[in-house]
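K.L.:
pasting the sequence and the predicted coordinates here, then a few questions.
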Amino acid sequence: MAVRTVEVSAPATIANLGPGYDLIGMALDTPRDFLRVSLVKSGTDEIEVEGIGGETISAGPDQNSSMVAARAVLRRAGVTGYGLRMLLKKGVPPRMGMGSSGASSAAGAFAANILLDNPLGETEVLECAMEGERAACGSAHADNVAPSLLGGITAILCYDPIRVMKLRPLGGVEVVETTPELEIAQEKTKLAREVLPPSVTLATVVSQMSSFALLLLGIMKNDPKIAGEGISGDQIVEPARAKLIPGFFEVKKAALKAGAYGCSISGAGPSVFAIVPQGRGIKVGERMVDQFSAAGVKSKFSLHRISEEGAKVV
Ligand code: HSE
């Protein structure tokens, strides 16, 4: 019998924003994952997954990111002897680069903390959500879970111990997310991390730091032109992952030519995102889709806003 039940949702996110690999991410207004969680008087955990791509998500309690994140909260709060029953309704498509596992992890940790009357602070909940991310893709990076949990744009200032800063979303912009129809491996993020170079030259580091500075400065000054320059300037991750996305550089060039402030790979890909002036999204999206077509790849685009809203009770 359920002791308590809560239903929450957590948003899709775009991580990295070009040069901010594993450090910067932003929450989108749509889509969101929905999670209903009950705390029950029995030791077993059960989860049912439905919605977009739900059939591809593990429902094993030790592998499912919502469950792993929620369990981490119970463990940290010292709660034993209770089971969790979950219904996860996927709204964020898995393996597209929109922070799907991050949204499910954030929802799991957030919901569990509420069920227990909020024994953990924001940072501890974040650390638990990171465990969900680790279960999903083998790495406990926080650049999806942090914005999904907290909303807005978040910057990880330090991983050990974890420190996060929430920044105000860029105003007056739309986000274009263009998703190519490619065959995508189940372990997509893990594979996309394995293609990254183990080391880079000092000259590359200098160039990357300049792009990162532009990105941060642009966000903090609410200047999308400067932020966009930073987004487009990734010299490390984007060139390595572009090989996994046919036509990427032409798509990026077309987005910038059509008026985007900045364009890069969305999270670990394969979607490509662009930050564009308000009202320009359709034009930029159409040009991006045209360029994917020219590379022999079908694609579709969607328009979003950067959202202040992170995980919330529904
Ligand atoms: N920072 C992560 C990556 C985001 O690029 O691998 C995707 O989970």
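P.N.:
Arrived safely, thanks for sending.

K.L.:
hey, where'd the strands end up in this structure?
P.N.:
Along the chain, counting by DSSP state E, strands occupy 2-15, 24-40, 46-51, 83-90, 153-159, 162-167, 173-180, 262-265, 272-277, 299-304, 312-313.

K.L.:
which one of the ones you listed lies closest to the ligand?
P.N.:
Nearest of these to the ligand, taken as C-beta to the nearest ligand atom: strand 2-15 at 3.8 Å. The way it works is simple: take the backbone N, C-alpha and C, and place the C-beta from them, glycine included.

K.L.:
got the angle for that closest one vs strand 272-277?
P.N.:
80 degrees (axes from the mean of the first three to the mean of the last three C-alpha atoms, to 10 degrees).

K.L.:
how far is strand 2-15 from where the chain is centred?
P.N.:
15 Å (C-alpha atoms, centre = their mean, to the nearest Å).

K.L.:
which strands border that strand, and is each parallel or antiparallel?
P.N.:
With DSSP bridges as the test, strand 2-15 is paired with strand 24-40 (antiparallel), strand 312-313 (antiparallel).

K.L.:
can you tell me which of those is packed in deepest?
P.N.:
Among the strands paired with strand 2-15, the stretch with the highest mean neighbour count (mean count of other C-beta atoms under 10 Å) is strand 24-40, at a mean of 23.

K.L.:
to Met130, which of the strands of the chain lies closest?
P.N.:
Across the strands of the chain, Met130 has its closest neighbour in strand 162-167 (7.6 Å, C-beta to C-beta).

K.L.:
the closest one packs against which elements?
P.N.:
helix 122-137, helix 145-150, strand 153-159 (3 or more C-beta pairs under 8 Å, 6 or more residues apart in numbering; DSSP states H and E).

K.L.:
mean confidence (pLDDT) on that strand, please.
P.N.:
Mean pLDDT, strand 162-167: 96.

K.L.:
any buried residues in that strand, and which?
P.N.:
Residues of strand 162-167 classed as buried: Ile162, Val164, Lys166, Leu167 (neighbour count, 16 or more other C-beta atoms under 10 Å).

K.L.:
what strands flank that strand, and is each parallel or antiparallel?
P.N.:
In the sheet, strand 162-167 lines up against strand 153-159 (antiparallel) (DSSP bridges).

K.L.:
re the thing from before, which of the strands paired with strand 2-15 sits closest to Gly60?
P.N.:
Gly60 lies closest to strand 24-40 among those, at 16.4 Å (C-beta to C-beta).

K.L.:
the closest one vs strand 46-51, what angle?
P.N.:
Counting by the same axes, to 10 degrees, strand 24-40 lies at 130 degrees to strand 46-51.

K.L.:
what's the angle from strand 24-40 to strand 83-90?
P.N.:
Using the same axes, to 10 degrees: strand 24-40 against strand 83-90 is 140 degrees.

K.L.:
CA-only coordinates of strand 24-40, as CSV, when you get a sec.
P.N.:
Taking C-alpha atoms only, strand 24-40 is exported to CSV below (Å, rounded to 0.1, in the frame of the first residue of the first chain):
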residue,chain,number,x,y,z
ILE,A,24,27.2,24.4,-19.0
GLY,A,25,23.6,23.5,-19.9
MET,A,26,20.2,25.1,-20.3
ALA,A,27,16.6,24.0,-19.6
LEU,A,28,14.1,24.1,-22.5
ASP,A,29,10.4,25.0,-22.1
THR,A,30,9.4,21.7,-23.9
PRO,A,31,9.4,18.7,-23.9
ARG,A,32,9.3,17.3,-20.3
ASP,A,33,9.4,13.9,-18.6
PHE,A,34,6.6,13.1,-16.2
LEU,A,35,7.2,10.8,-13.2
ARG,A,36,4.7,9.5,-10.7
VAL,A,37,6.4,8.0,-7.6
SER,A,38,4.8,6.2,-4.6
LEU,A,39,6.6,5.3,-1.5
VAL,A,40,5.4,1.9,-0.3
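
K.L.:
what's the burial count for Tyr261?
P.N.:
By the measure other C-beta atoms under 10 Å, the count of residues near Tyr261 is 25.

K.L.:
ah, wrong one, I meant Leu196
P.N.:
Leu196: 14 surrounding residues under other C-beta under 10 Å.

K.L.:
list the contacts for the closest residue to it other than its chain neighbours?
P.N.:
Using C-beta to C-beta, 6 or more residues apart in numbering and skipping the chain neighbours, the partner closest in space to Leu196 is Ala240 (5.1 Å). Listed by C-beta atoms under 8 Å, 6 or more residues apart in numbering, the contact set of Ala240 reads Val195, Leu196, Pro197.

K.L.:
what pLDDT is listed against Ala240?
P.N.:
At Ala240, the predicted lDDT confidence score is 97.

K.L.:
out of the contacts of Ala240, which is nearest to Ser271?
P.N.:
Checking those one by one against Ser271 (C-beta to C-beta), the nearest turns out to be Val195, at 16.6 Å.

K.L.:
residues contacting the closest one?
P.N.:
Ala240, Arg241, Lys243, Leu244.
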